[in-house]
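Engineer: pasting the sequence and the predicted model now:
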Amino acid sequence: MKPIQVGLLGIGTVGSGTFQVLRRNQEEIKRRAGRGIEITMVADLDTARAKAVVGEGVQVVADARAVIANPEIDIVVELIGGYGIARQLVLEAIAAGKHVVTANKALLAVHGTEIFAAAHAKGVMVAFEAAVAGGIPIIKALREGLTANSIQWIAGIINGTTNFILSEMRDKGLDFATVLKEAQRLGYAEADPTFDIEGVDAAHKVTLMSAIAFGIPVQFDRAHVEGITKLAAQDIKYAEQLGYRIKLLGVTRRVAQGVELRVHPALVPSKRLLANVEGAMNAVVVHGDAVGTTLYYGKGAGSEPTASAVIADLVDIARLHTADAAHRVPHLAFHPDAMSDLKIVPMAEVVTSYYLRLRVADEAGVLAKVTGLLASAGISIDAVLQREADEVGGEGSTQTDLIILTHDTREGTLDDAMAQLQALPTVLAPIVRIRKEELS
Ligand code: HSE
């Protein structure tokens, strides 16, 4: 059979990796796909660099629309990124009857509903394994491997930049700003790291996983998003003394009122495998009612790991594109007419446990006052750690850090209790609150 023809829009890090892996493993990939998969056209503004990557025999153009307009191209791979021109080009490719493969989590998390509807109407596939956790086949696992399950929850370390920064902060006892600079110097963090460090990238990814897990529309605008910029080195240290590590988690959970969808730093028990995912690695834990807890670990970014996911999608399309569209795996795992209308739960209704750090006057009755106030709010305490005053503020200090771990409580209840604690004259600085996920 004639090889399936692929056009790349953008040949940067991931595009180059895709080209190289396809070429290197072409015979094996052909034996799996049942036909060859060939990149025959590439669009990139930097045509000289693109030509240097692909060599002779591949048409290189500056205009992405020339790829979409080429009737020989069966699959368009969008590797431009962002919500702007990428959205236009993806919609145009779909309108032209092309299948689309994309690594663009931002695009799908924000405009997924429009894009999947257009693809469904046109009978083409939009595949996006590379959009979540790079080389880890988590979309395939959720959409197909775990299809028997009622999925209960997903918790993932799905941003390598922030996991690298947190690992360095813990290992070296350094503060966030120092480690960020080092991460930028080493190329682990972008020059503008905002999307990574503010949790936006992780929120795009957990939004996509949530949609697939629960059969709900992609709703990035409903996600709760908190990054790691405010994390202090001392909280990482106190957490460790209490048997926890702090990780930036993407969490989505099925609860009675709907679905939780949130990204924030969280204490994770050190004994959990997820707590031991270090450096720029990614990992996702999925709990299904039948299978129990499963864990997926690997590289969440990088040229060939991401190419691995892009090519898996190309193989899927090569196998399925002649199948009746109704017999393909639905984009979001559930058939479009069988989606759920489960609501995203507001954070005030989320039930979880908490780490609190209070800077308090080191005097009689302070601990009793704080714990008494929590007790009267119905918040149960799991553990208390009080540092010696001189460990915190030097000898003769009249202040100390009081660390409290709570049992599960409603976030709205905790917010109210924190406001009361903050108003106590013996609480001397803004209270630090970090959520805690036992993942049991
Ligand atoms: N910037 C992402 C990360 C990789 O740090 O994991 C691409 O999503």
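Structural biologist: Now that the structure is in, tell me what you want to look at.
Engineer: ok, residue 101 - contacts?
Structural biologist: For residue 101, the contact set (CB atoms under 8 Å, 6 or more residues apart in numbering) comprises 75-78, 126-128, 130, 310, 313-314, 317. C-beta coordinates here come from the backbone N, C-alpha and C atoms, glycine included.
Engineer: do residue 184 as well
Structural biologist: 190-191, 193.
Engineer: hmm, try it at 7 Å
Structural biologist: Residues in contact with residue 184 (CB atoms under 7 Å, 6 or more residues apart in numbering) are 191, 193.
Engineer: Three-state assignment for it, please.
Structural biologist: Three-state assignment for residue 184 (DSSP: H, G, I helix; E, B strand; the rest coil): helix.
Engineer: now swap in residue 133 and tell me
Structural biologist: coil.
Engineer: thinking again about what came up before, which of the contacts of residue 101 are buried? Put it as a ChimeraX command.
Structural biologist: Here is the ChimeraX command that selects the buried residues among the contacts of residue 101 (16 or more other CB atoms under 10 Å):
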select :75,76,77,78,126,127,128,130,310,313,314,317
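Engineer: ok, so of the contacts of residue 101, who is nearest the ligand?
Structural biologist: residue 130 (8.9 Å; CB to the nearest ligand atom).
Engineer: that closest one should be in a helix, yeah?
Structural biologist: Yes. Counting by three-state DSSP, one finds residue 130 located in a helix.
Engineer: show me the shaky parts of the protein.
Structural biologist: Within the chain, the segments meeting pLDDT under 70 span 388-396.
Engineer: who in it is up against the ligand?
Structural biologist: The interface of the chain toward the ligand, taken as CB under 6 Å from any ligand atom, is made up of 159-161, 196, 201, 300-301.
Engineer: re earlier: out of the contacts of residue 101, which are inside strands?
Structural biologist: Mapping those onto strands (DSSP state E) picks out 75-78, 126-127.
Engineer: want to throw those into CSV with distance to residue 135?
Structural biologist: Shown next, in CSV, are those (distance: CB to CB, whole Å):
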residue, distance to residue 135
75, 20
76, 21
77, 16
78, 18
126, 20
127, 15
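Engineer: okay but residue 80 is in contact with residue 87, surely?
Structural biologist: No. Residue 80 is beyond contact range of residue 87, at 9.8 Å (criterion: CB atoms under 7 Å).
Engineer: neighbour count for those two, which is higher?
Structural biologist: Ranked by neighbour count (other CB atoms under 10 Å), residue 80 and residue 87 place residue 80 first, with 23 against 20.
Engineer: so who does the more buried one touch?
Structural biologist: Applying CB under 7 Å, 6+ apart to residue 80 gives the contacts 9-10, 86.
Engineer: between the residues you listed, which has the most around it?
Structural biologist: Highest neighbour count within the contacts of residue 80, by other CB under 10 Å: residue 9, with 25 neighbours.
Engineer: contacting residues around that one?
Structural biologist: 43, 64, 67, 76-80, 89.
Engineer: include distance to residue 385 when you put those into a markdown table, please.
Structural biologist: Output for the contacts of residue 9, formatted as a markdown table (distance: CB to CB, whole Å):
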| residue | distance to residue 385 |
| --- | --- |
| 43 | 57 |
| 64 | 56 |
| 67 | 59 |
| 76 | 55 |
| 77 | 51 |
| 78 | 49 |
| 79 | 48 |
| 80 | 49 |
| 89 | 54 |
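Engineer: of all these, which comes closest to residue 269?
Structural biologist: Residue 269 lies nearest to residue 79 out of those, by CB to CB, at 37.9 Å.
Engineer: leaving out sequence neighbours, find the closest residue to that closest one.
Structural biologist: Nearest residue to residue 79 in three dimensions, chain neighbours excluded: residue 10, at 3.9 Å (CB to CB, 6 or more residues apart in numbering).
Engineer: residues contacting the one you found?
Structural biologist: 44, 79-80 are the contacts of residue 10 under CB under 7 Å, 6+ apart.
Engineer: redo that, cut-off 10 Å
Structural biologist: Taking CB atoms under 10 Å, 6 or more residues apart in numbering, we find residue 10 in contact with 42-46, 50, 64, 77-81, 86, 89, 103-104.
Engineer: go on, residue 35?
Structural biologist: Residue 35 neighbours (CB under 10 Å, 6+ apart): 1-4, 29, 315, 318-319.
Engineer: right, and residue 401 touches residue 384 too?
Structural biologist: No. Taking contacts as CB atoms under 10 Å, residue 401 lies outside contact range of residue 384: 11.2 Å.
Engineer: show me which of these two is the more surrounded one.
Structural biologist: Comparing residue 401 with residue 384 by other CB under 10 Å, the one with more neighbours is residue 401, at 22 against 14.
Engineer: my guess is the more buried one is in a helix, correct?
Structural biologist: No. Residue 401 sits outside any helix when classified using three-state DSSP, being strand.
Engineer: show me what the helix or strand where residue 295 lies is packed up against.
Structural biologist: Here residue 295 sits within strand 292-299, counting by DSSP states H and E. In this structure, strand 292-299 makes packing contacts with helix 138-140, strand 151-157, strand 281-288, helix 303-320, judged by 3 or more CB pairs under 10 Å, 6 or more residues apart in numbering; DSSP states H and E.
Engineer: SS state for the residue in the stretch 301-440 of the chain positioned nearest to the ligand?
Structural biologist: The nearest approach of the stretch 301-440 of the chain to the ligand comes at residue 301, 3.7 Å away (CB to the nearest ligand atom). Per three-state DSSP, the secondary structure class of residue 301 is coil.
Engineer: start to end distance for stretch 121-135?
Structural biologist: 29 Å (CA to CA, to the nearest Å).
Engineer: determine how far that stretch lies from the middle of the whole chain.
Structural biologist: Here the centre of stretch 121-135 is set off from its chain's centre by 15 Å, with CA atoms, centre = their mean, to the nearest Å.
Engineer: buried ones in it?
Structural biologist: 122, 124-135.
Engineer: out of the residues you listed, which is nearest to residue 255?
Structural biologist: residue 132 (22.1 Å).
Engineer: residue 206: what's it in contact with?
Structural biologist: Neighbouring residues of residue 206 by CB under 10 Å, 6+ apart: 105, 109, 132, 154-156, 158-159, 199, 213, 220, 223, 225, 249-252, 261-263, 284.
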